[in-house]
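Participant: Need a 3D model of the following:
(2 chains)
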Amino acid sequence: DAGVIQSPRHEVTEMGQEVTLRCKPISGHNSLFWYRQTMMRGLELLIYFNNNVPIDDSGMPEDRFSAKMPNASFSTLKIQPSEPRDSAVYFCASSPDRAQPQHFGDGTRLSIL
Amino acid sequence: DAKTTQPTSMDCAEGRAANLPCNHSTISGNEYVYWYRQIHSQGPQYIIHGLKNNETNEMASLIITEDRKSSTLILPHATLRDTAVYYCIVRPLSGQGGKLIFGQGTELSVKP
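Facilitator: Presented below is the predicted three-dimensional model:
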């Protein structure tokens, strides 16, 4: 079975550029989560969706970050404009519903120069 | 803030059981104990979860004390591939929904 698929796996870009991270959840999963991992702060939940609707975006650091889920099989996390402090590994996870264990993708390693 | 306390690191000999402790003294009655692990350069992987009874699956066993203030994850026969950071997390099954709050975890090194 295909797991959570994230793209790209690595992204290097200059500050000020727009960055779009993509996620395809496991088919049939109704909940989708975006996390960020840094050495300083560890793993943090940014936002999660249930049935394509954003439920909790309290972890989104600021207005430069936005996330969408236009359908059940695709989600994006966008950073515009990007800054060096946004450098991190971004993980997407999905679960059958928000109470079930989450399955994580392998992440996108983002470097903002 | 994470509601759990774990040792920063542990070593285990290959083939032996790895016992990873976790303290969650402020756990509420409706909160479950979850364990995830993260192998280097990969996303976290779900291992097991439980409420108050001991649980076992193909990966591990979870022992929760009667007062539920602590638990132990047991990998019965550790292999080199079990080297990872192990996270103990408490969260309600409902209410706050999917929010997983990760602490610093325990870095387990399995040595030959």
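Participant: need the contact list for the residue in chain B that chain A sits nearest to.
Facilitator: Of all residues in chain B, residue B:43 sits closest to chain A, at 3.1 Å by Cβ to the nearest Cβ. For glycine as for every other residue, the C-beta is placed from the backbone atoms N, C-alpha and C. Neighbouring residues of residue B:43 by Cβ atoms under 8 Å, 6 or more residues apart in numbering or on different chains: A:4, A:91, A:93, A:104-107.
Participant: Nearest to chain B, out of those: which one, please.
Facilitator: residue A:104 (3.1 Å).
Participant: nearest residue to the closest one other than its sequence neighbours?
Facilitator: In this structure, residue A:104 finds its nearest non-sequential neighbour in residue B:43, 3.1 Å apart by Cβ to Cβ, 6 or more residues apart in numbering or on different chains.
Participant: Within the helices and strands, which one has that neighbour?
Facilitator: For residue B:43, there is no helix or strand it lies in under DSSP states H and E.
Participant: So what's the residue count around residue B:52?
Facilitator: 13 (other Cβ atoms under 10 Å in any protein chain shown).
Participant: so it, which of the three states?
Facilitator: coil (DSSP: H, G, I helix; E, B strand; the rest coil).
Participant: Isn't it up against residue B:68?
Facilitator: Yes: using Cβ atoms under 8 Å, residue B:52 is in contact with residue B:68, at 5.9 Å.
Participant: Tell me the neighbouring strands of the helix or strand bottoming out on mean pLDDT in chain B, and mark each as parallel or antiparallel.
Facilitator: The weakest-scoring helix or strand in chain B, judged by mean pLDDT, DSSP states H and E, is strand B:84-92 (a mean of 92). For strand B:84-92, the paired strands and their directions (DSSP bridges) read strand B:31-38 (antiparallel), strand B:106-111 (antiparallel).
Participant: can you redo these as JSON lines with mean pLDDT and mean neighbour count?
Facilitator: Output for the strands paired with strand B:84-92, formatted as JSON lines (pLDDT from 0 to 100; neighbours: other Cβ atoms under 10 Å in any protein chain shown):
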{"stretch": "strand B:31-38", "mean pLDDT": "94", "mean neighbour count": "21"}
{"stretch": "strand B:106-111", "mean pLDDT": "97", "mean neighbour count": "17"}
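Participant: I'd like those written out as CSV, with distance to residue A:65 added.
Facilitator: Shown next, in CSV, are the strands paired with strand B:84-92 (distance: least, Cβ to Cβ, whole Å):
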stretch, distance to residue A:65
strand B:31-38, 23
strand B:106-111, 29
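Participant: correct me, but residue A:101 touches residue A:93?
Facilitator: No: between residue A:101 and residue A:93 there is no contact under Cβ under 8 Å: 9.5 Å.
Participant: out of those two, which sits in the more crowded spot?
Facilitator: Between residue A:101 and residue A:93, counting by other Cβ under 10 Å, residue A:93 is the more crowded of the two (27 against 17).
Participant: if I read this right, that one contacts residue A:33, doesn't it?
Facilitator: Yes: counting by Cβ under 8 Å, residue A:33 is a contact partner of residue A:93 at 4.4 Å.
Participant: intersection of neighbour lists for the two?
Facilitator: residue A:102.
Participant: so how far is residue B:92 from residue B:74?
Facilitator: 25 Å (Cβ to Cβ, to the nearest Å).
Participant: for residue A:97, same thing?
Facilitator: 14 Å.
Participant: what do you get for residue A:92?
Facilitator: Here residue A:92 is placed at a distance of 23 Å from residue B:92 (Cβ to Cβ).
Participant: Understood, closing this out.
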